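**Q** Sharing a model prediction with you, sequence too.
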Amino acid sequence: MNAAPPSLRRRLLRSPAFWLVCAILFAGVFAPALANGVPLAVRDRGAWTFPALAEAFGRPSASPDGGSWRRWLQSSRAAEAAVWMPPIPHDPLATDLTAADAAPSAAHWLGCDATGRDLLARVVHGARGVVAVAAPAVLLAALLGVWLGALAGLRRGVVEALVLRLVELIACLPLLLFLLFAAAWCGGSAAALRVTLVALLWPSFARVVRGELLALAEQEFVHTARGLGLSDGRILRRHVLPQLAGQVATTAAFCLAGAVVAESTLSFLGLGPGAASPTWGGLLREGAASAPLGAWRPLLAPAAALLALVIACHRVAERCQSGPVAATGRT
């Protein structure tokens, strides 16, 4: 007798690529706490302050003297306090001409660019674009696509025809060209880019869910549930959608890779959001300008991060692919 295939959760937890994606998302969320020129924690005269964590959640705090933390670190009072710096104690925007084009060292693990900015700090903060744009867009696209796909698969008729026509219409739009149009029209707004990605990605989820629902609707456990008087909504939530977790997760992984590449492409062209903060696409543009001069690290560092995330997403998608749909459900 063949052993049952491992569950989706177990397959993901055993995948190094899944943990790599999680690590990059974690780095994007907590980038100010991982790479920053302000302290991670300060204990001054019995009072605790966490300025880097506060900055990570968009609420920068003032130093004990009411000024900036960078100036406070150079004061005599800082020498009397207990100060813990982030793992990468460098501001991604702070320049230091004395460290221009510095080679990798204990102080700068990946070296510095032409203006003395720490490359590792900039790559870590560049992951914020994934968290701020790509990941929310894929999540919202999954919610919208699963709902519309389920509606089309269950209701059929006019509802199914409308959803399919929308899917066909959006499928005719070139992804990059439409993103370029949206970025030029909306001025590189992060919210506009998220909405555009949602509008372009939800059909991928809707097609998968509708196609699987057409097959599952004829399964014995669905007929049994309907015979017991369960509503279509409960059958969908309790019996059908759990069967589609692998397919939806596979689609989400592929869409995340595509959204990351799209956001990086716009940033590389100077049309992405957050021009004042580092992005992987912006770092690639800066590195491409310095590469002909022999400085390859500013180009290779963000390129390696982007390539690692895209490959990891594809490996996660392979892990999420499940075998035949189970023929039983939970009542």
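**A** Received the coordinates, thanks. Residues are numbered from 1 along each chain as shown.

**Q** give me the number of residues near the spatially closest residue to Trp109 that is not a sequence neighbour?
**A** Spatially, and ignoring its direct neighbours in sequence, Trp109 is nearest to Leu120 (5.0 Å; Cβ to Cβ, 6 or more residues apart in numbering). No exception for glycine: its C-beta is placed from N, CA and C like everyone else's. Residues near Leu120, counting by other Cβ atoms under 10 Å, number 21.

**Q** what secondary structure does Leu120 sit in?
**A** Recorded secondary structure, Leu120: helix (DSSP: H, G, I helix; E, B strand; the rest coil).

**Q** if I pick it, what's in contact with it?
**A** If you count contacts by Cβ atoms under 8 Å, 6 or more residues apart in numbering, Leu120 has them with 35, 88, 90, 108-110, 301.

**Q** Just the ones in helices from those, please.
**A** Ala301 (DSSP state H).

**Q** which of the contacts of Leu120 sit farthest apart?
**A** Pairwise distances across the contacts of Leu120 peak at 13.7 Å for His90 and Ala301 (criterion: Cβ to Cβ).

**Q** of these two, who's got more company?
**A** Taking other Cβ under 10 Å, His90 and Ala301 do not tie; His90 has more neighbours (25 against 22).

**Q** Spatially nearest residue to that one, not counting backbone neighbours?
**A** Asp118 (3.7 Å).

**Q** ok, the one you found - how many residues close by?
**A** Using other Cβ under 10 Å, Asp118 has 26 other residues around it.

**Q** next one: the one 4 residues further on
**A** The number of residues packed around Arg122, counting by other Cβ under 10 Å, is 28.

**Q** Repeat that for Arg297.
**A** Close neighbours of Arg297, defined as other Cβ under 10 Å, add up to 18.

**Q** you'd agree it is up against Leu119?
**A** Yes - in this structure, Arg297 is within contact of Leu119 by Cβ atoms under 8 Å, at 6.1 Å.

**Q** Overlap of the contact sets of those two?
**A** With Cβ under 8 Å, 6+ apart as the test, Arg297 and Leu119 both reach 110-111, 113.

**Q** what's the closest of those residues to Leu139?
**A** Closest to Leu139, out of all of the shared contacts of Arg297 and Leu119 and judged by Cβ to Cβ, is Leu110, at 30.5 Å.

**Q** looking at it, that closest one is touching Ala103, isn't it?
**A** No - with contact defined as Cβ under 8 Å, Leu110 does not count as touching Ala103 (9.6 Å).

**Q** These two: which is more packed in?
**A** Leu110 (21 against 10).

**Q** show me the contacts for that one.
**A** With Cβ under 8 Å, 6+ apart, Leu110 has these contacts: 104, 118-120, 123, 297, 301.

**Q** Could you do Glu80 as well?
**A** Glu80 is in contact with Asp44, counting by Cβ under 8 Å, 6+ apart.

**Q** What pLDDT is listed against it?
**A** We note a pLDDT of 83 for Glu80 in this prediction.

**Q** likewise the one 10 residues further on?
**A** Per-residue confidence for His90 comes out at a pLDDT of 92.

**Q** So it is in contact with Leu119, correct?
**A** No - the criterion here is Cβ under 8 Å, and His90 misses it with Leu119 at 9.4 Å.

**Q** element containing the residue nearest to Leu151 when sequence neighbours are not counted?
**A** Leaving aside its chain neighbours, Leu151 sits nearest to Val159 (5.7 Å; criterion: Cβ to Cβ, 6+ apart). Taking DSSP states H and E as the definition, Val159 sits inside helix 157-171.

**Q** do the same with Glu55
**A** Under the criterion of DSSP H and E, Glu55 resides in helix 51-56.

**Q** quick one: contacts of that helix?
**A** 29-33, 36, 38-42, 60-61, 63, 69, 86.

**Q** What subset of those residues is buried?
**A** The neighbour-count criterion (16 or more other Cβ atoms under 10 Å) marks 29-33, 36, 38-42, 63, 69, 86 among the contacts of helix 51-56 as buried.

**Q** so where do the strands sit in this structure?
**A** All strands of the chain, identified by DSSP state E, fall at 41-44, 47-49, 82-84.

**Q** Mind giving me the packing neighbours of the first one?
**A** To tie it back to what came earlier, the one meant is strand 41-44. strand 47-49, helix 51-56, strand 82-84 (3 or more Cβ pairs under 8 Å, 6 or more residues apart in numbering; DSSP states H and E).

**Q** Give me the mean pLDDT for the first one.
**A** Strand 47-49 shows a mean pLDDT of 86 in the predicted model.

**Q** In its sheet, which strands sit next to that strand, and in what direction?
**A** strand 41-44 (antiparallel) (DSSP bridges).

**Q** Perfect, that will be all.
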